[in-house]
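> generate coordinates for the sequence data below:
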Amino acid sequence: MKKLRQEDEVIVIAGSHKGKKGKVQSIDTKNDTVLIEGLVAKKNKKRTEYSEGGIVDIPKPIHKSNVMLVSSNGKATRVGIKEEKGKRVRFEKSTQKVIG
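Below you'll find the predicted structure:
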């Protein structure tokens, strides 16, 4: 069972986007990266015959170790996995609440 899933609300805890919140759009398990809604990087694009050049915003994935789940009280929390009624469920370690 994975600790992060799509549509989870996360907060960035390291890097140039530290402190920003957003929803997980996609997860790349091969490279252990996540793509977060609203986080973009600037890239210089060279002018070509078919398109204009300039500075463009492109979505960039960040490593999953640099994000934490936002708990029900709005703060970052770690995620644990426990067995409840014969099923494995995720829970917030700070509040012990099950994540739906």
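
> thinking V12 is in contact with V70, fair?
No: applying CB atoms under 8 Å, one finds V12 not in contact with V70, separated by 10.7 Å. For every residue, glycine as well, the C-beta is placed using N, CA and C.

> overlap in contacts of these two?
Common contact partners of V12 and V70 (CB atoms under 8 Å, 6 or more residues apart in numbering): K21.

> which residue of this protein sits farthest from its center?
Centroid-distance maximum for the chain: E49 at 36.4 Å, with CA atoms, centre = their mean.

> so that residue: helix, strand or coil?
Assigned with DSSP: H, G, I helix; E, B strand; the rest coil, E49 falls in the coil class.

> ok, it to K43 distance?
Per CB to CB, to the nearest Å, E49 is found 19 Å from K43.

> just K97 next, same as before
For K97, the distance to K43 equals 40 Å [CB to CB].

> looking at these two, which one has more neighbours?
K97 (14 against 11; other CB atoms under 10 Å).

> can you pull out the strands in this structure?
Secondary structure of the chain, counting by DSSP state E: strands at 9-12, 21-28, 33-36, 40-45, 54-59, 62-63, 67-70, 76-77, 79-84, 87-92.
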